[in-house]
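In: Pasting a predicted model and its sequence here:
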Amino acid sequence: MASQRPGFPVRLTPTASAVTRGRTSAVPAKPLVHHTPSMASDAVRARMVQRLAAQGIADARVLRAMGTVGRHLFVDSALVNQAYEDTSLPIGLGQTISKPNVVARMIELLLGAPALANKPTDRLGRVLEIGTGCGYQAAVLSHIATEVYSIERLRGLHERARTNLRSFRLATVHLLLGDGMVGYAKGAPYAGIIAAAGGEAVPEAWIAQLAVGGRIVAPTQSAVGKQALVVIDKTARGLERRILEAVHFVPLKSGIA
Ligand code: SAH
C-alpha cells in the first residue's frame, strides 16, 4: 500500500552553516527547511520532465501530467530509487511498467486524435486503456482525458492498481477486471484507446468501440514480425493506419487469470 511504503529517499544537503550561523553554543545543527519525501520526489520528477522535453515530448498537457503523478508511488519499495529513471520496471506477475518516455510518447500520440486536431489545450473525452498493470499510466491519463476506463486481465495486478490509486481519489478512473481484447463496450465510444500490451493485430472490438475522430495507439506485430507502435485514426472517410517506431511490450493475452 502506498502509504505504508518507506518515503522516497531523501538526499539531504546539510544546511548546517546557515543554521549555526550566529550561534555560539554547540547545539547540533538542524536544517531549517524540512525536506519532506514529497519535496524530494517533486525535484526528481521535475528533472524527469525536463528530460522528456529534451527527448522531444512537446505537448504541454503530457508534460504537466507526467510532472503531476508520482511514479515512485507505483513501484516496489526496493525499486523506488529507479522510479524516475528512463527505464521500464517490474511490477509483479512478470509484467512491467513502461519507461516514462514511452508512456509520454504514447499519450502524446493519443492527444493527436483527429477530434483534437488544432486543440492544443483540450482534454480527450473517454479513454480506454488495455493493461492497467500497477495503475501508473491510468493516473497519468486521468489528467488528459475526461474519463478513463482501464482493463486488466490479471486479478493480482487489478487489485494492486486499486490499492495504488486509492489515495489519489480519482473519480474519473474506472478499473475493470476483464479481457481487454474484447474492449469494454459499456464505455464506448472512446475518444482514445491505448494498449500497454502488444498483440498480433489490433482487435476488431477496439476499432468498433472507437468514436469517429478517435485514435488507437497500440504496440502490434508488424509485417516483419517485430513489435512497433501502430496508430489508427477513425475518420468520416474511414480508417487511417500508420506504423511508427519499434517498441518492446509484454504480450497481449486473452482471458482472465
Ligand atoms: N499501463 C501499465 C503497464 C502494464 S504492463 C502501468 O502503468 O503499469 C501491461 C499489462 O497488460 C499487464 O499487466 C498485462 O497483464 C496486461 N494485459 C495483457 N493482455 C491483456 C488483456 N487482454 N486485457 C487486459 N490486460 C491485459
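Out: Okay, I see it.
In: how about the strands in the stretch 151-257 of the chain?
Out: 173-177, 190-195, 210-221, 227-235, 238-246 (DSSP state E, counting those that start in this stretch).
In: got a list of contacts for the second one?
Out: When you say that, I think you mean strand 190-195. 106-107, 110-111, 113, 115-116, 124-131, 137, 141, 145, 149, 180, 183, 206, 209-211, 213-219, 249, 252 (CB atoms under 8 Å, 6 or more residues apart in numbering). In this view, the C-beta of every residue, glycine as well, is placed from N, C-alpha and C.
In: And the ligand, is it touching that?
Out: No: under the criterion of CB under 6 Å from any ligand atom, the ligand is not reached by strand 190-195; the shortest gap measures 7.8 Å.
In: C-alpha coordinates for that strand, CSV please?
Out: Coordinates of the C-alpha atoms in strand 190-195 are reproduced here as CSV (Å, rounded to 0.1, in the frame of the first residue of the first chain):
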residue,chain,number,x,y,z
TYR,A,190,-14.0,6.1,-26.9
ALA,A,191,-12.1,9.2,-28.0
GLY,A,192,-8.9,7.2,-27.5
ILE,A,193,-7.8,3.6,-26.9
ILE,A,194,-4.3,2.9,-25.6
ALA,A,195,-2.8,-0.5,-25.1
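In: Can you check what angle separates it from strand 227-235?
Out: Using axes from the mean of the first three to the mean of the last three CA atoms, to 10 degrees, the direction of strand 190-195 lies 170 degrees away from that of strand 227-235.
In: Now do strand 190-195, average pLDDT.
Out: Average pLDDT, strand 190-195: 98.
In: what about stretch 78-93, near the ligand?
Out: Yes: for stretch 78-93, a contact with the ligand is found by CB under 6 Å from any ligand atom, at residue 91.
In: got the residues of the protein near the ligand?
Out: Contacts of the chain with the ligand, taken as CB under 6 Å from any ligand atom, map to 91, 95-98, 130-131, 133-134, 136-137, 151-154, 157, 179-181, 196-197, 250, 252-254.
In: Got a ChimeraX select line for the buried ones in the contacts of strand 190-195?
Out: Provided next is the ChimeraX selection string for whichever of those are buried by 16 or more other CB atoms under 10 Å:
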select :106,107,110,111,113,115,116,124,125,126,127,128,129,130,131,137,141,145,149,180,183,206,209,210,211,213,214,215,216,217,218,219,249,252
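In: need the helices for the stretch 51-200 of the chain, in chain order.
Out: Ranges of helices in the stretch 51-200 of the chain, per DSSP state H, counting those that start in this stretch, are 60-68, 100-110, 136-141, 155-166.
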